[in-house]
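S.K.: below: sequence and its predicted model.
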Amino acid sequence: MNNFILSCESTVDMPFAQVNARDISVLFYSYTAGGEDYTDDMDRDPEALPRFYELLKKEIPSTSQINEYQYFDYFSKLLKEGDVLHIVFSSGLTKSIHGAESAAEKLRERYPDRKLIVIDSMCASSGYGMLVDYAADLRDEGASIDEVAEWVDKARHKVQHQFFSTDLKYYRKSGRMSGAAATVATILNICPILRIDDKGKIIAYDKVRGKRNAINYIMNVIAEHADGGENYSGKVFISHSNTIEDAEDTKKEIERRFKKIDGKVKIFNIGTIIASHTGPRTVAVFFMGDERK
């Protein structure tokens, strides 16, 4: 029996069924499109993502941070059951953590006999999911809430996020790239190479021509930065926004080059919150490595 409750947010970009099977509690984000509010579904409804991409053709959905009241209500229910370790979506991409910390401060006074630890993941998408998945491994091995929290605090900067996109229209629409740059890049078949930095923010740091070169570029990054380099034996997660063929191509190349990976490379959908900013045709690769710079 677990000695504490491990908790995260829906932006871990893993199927809810998988997260739930690992006994991890989830707080859901939501988005608004066409005057309607929708929950970040985590693959519970097979129609949710197709509906989202249809909406995306008409407008960019608006997303908002989780507020203090939502955290307060959510944490209150969990604390009735036990101690809680909640890992928050990167503060480099949302300021939700301020609401989480404020709610936690109030609830510690109400539940003085419970532990409520809130940690900024500094991670996004399935990289965030990987961090939580490793934390669940430690919990299941019998580590205490403090031991897992200490591990998460150190490991969060070592979850490497590498991604590329072959459709820059939504990066332009969301303001992450100028219109002129996106147009030129599209004409020249240029794929920007992006990552999450040490502050948990997305940065574009290089570019290549074409998907195949983007995949090869990321293979070299894994070899350079992963624990053990070519002999990396940790987990590898891939997430994608409505471009499963590109994700599968990336998976095949990883499995061809890195023979000692722990289990199979896992592919997940980028959820509606992050895809609201990336649009379709983004592929992201996550692995454990050296500290992000």
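M.R.: Done, it's in. Numbering: from 1, shown residues only.

S.K.: and the pLDDT for the residue nearest to Ile5 when sequence neighbours are not counted?
M.R.: Spatially, and ignoring its direct neighbours in sequence, Ile5 is nearest to Val84 (4.8 Å; Cβ to Cβ, 6 or more residues apart in numbering). All C-beta atoms are positioned from the backbone trio N, CA, C, and that covers glycine. For Val84, the model assigns a pLDDT of 98.

S.K.: Val84: what's it in contact with?
M.R.: Val84 sits next to Phe4, Ile5, Ser7, Phe75, Leu78, Arg114, Lys115, Leu116, Ile117 when contact means Cβ atoms under 8 Å, 6 or more residues apart in numbering.

S.K.: now swap in Tyr111 and tell me
M.R.: Leu79.

S.K.: swap in His240?
M.R.: By Cβ under 8 Å, 6+ apart, the neighbours of His240 are Asp246, Ala247, Ile267, Phe268, Asn269, Ile270, Thr282, Val283, Ala284.

S.K.: if we use 10 Å, what do you get?
M.R.: Going by Cβ atoms under 10 Å, 6 or more residues apart in numbering, His240 touches 13, 125-126, 163, 246-248, 250-251, 267-270, 275, 278, 280-285.

S.K.: buried ones among those residues?
M.R.: Neighbour counting with 16 or more other Cβ atoms under 10 Å marks 13, 125-126, 163, 246-247, 250-251, 267-270, 275, 278, 280-285 as buried within those.

S.K.: among those residues, which ones are in helices?
M.R.: Ser125, Ser126, Asp246, Ala247, Thr250, Lys251, Ala275, Thr278 (DSSP state H).

S.K.: in the stretch 51-200 of the chain, which spans are strands?
M.R.: Listed in chain order, the strands of the stretch 51-200 of the chain (DSSP state E, counting those that start in this stretch) span residues 62-63, 84-88, 116-120, 159-165, 190-196.

S.K.: and Asp290, which of those strands is closest to it?
M.R.: Asp290 sits nearest to strand 159-165 of all these, at 8.0 Å, using Cβ to Cβ.

S.K.: so what's the gap between the closest one and the chain middle?
M.R.: On the basis of Cα atoms, centre = their mean, to the nearest Å, strand 159-165 sits 10 Å off its chain's mean C-alpha point.

S.K.: which secondary structure elements does that strand sit against?
M.R.: helix 125-140, strand 190-196, strand 202-209, helix 211-225, strand 236-240, helix 244-257, strand 282-288 (3 or more Cβ pairs under 10 Å, 6 or more residues apart in numbering; DSSP states H and E).

S.K.: go again with 7 Å.
M.R.: helix 125-140, strand 190-196, helix 211-225, strand 282-288 (3 or more Cβ pairs under 7 Å, 6 or more residues apart in numbering; DSSP states H and E).

S.K.: out of these, which one sits most buried?
M.R.: strand 282-288 (a mean of 27; mean count of other Cβ atoms under 10 Å).

S.K.: and Ile273, what element?
M.R.: Ile273 is part of helix 272-278, with elements assigned from DSSP states H and E.

S.K.: what packs against that helix?
M.R.: Partner elements for helix 272-278 (3+ Cβ pairs under 7 Å, 6+ apart): strand 30-33.

S.K.: each with direction, which strands does the strand it packs on pair with?
M.R.: If you go by DSSP bridges, strand 30-33 pairs up with strand 36-39 (antiparallel), strand 62-63 (antiparallel).

S.K.: so which of these comes closest to His225?
M.R.: strand 62-63 (29.6 Å).

S.K.: can you name the residues in contact with the closest one?
M.R.: For strand 62-63, contacts defined as Cβ atoms under 7 Å, 6 or more residues apart in numbering pick out Tyr29, Tyr31, Thr32, Ile273, Ser276.

S.K.: got a PyMOL select line for the buried ones in the residues you listed?
M.R.: Buried subset of the contacts of strand 62-63, written as a PyMOL selection, criterion 16+ other Cβ under 10 Å:
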select buried, resi 29+31+273+276
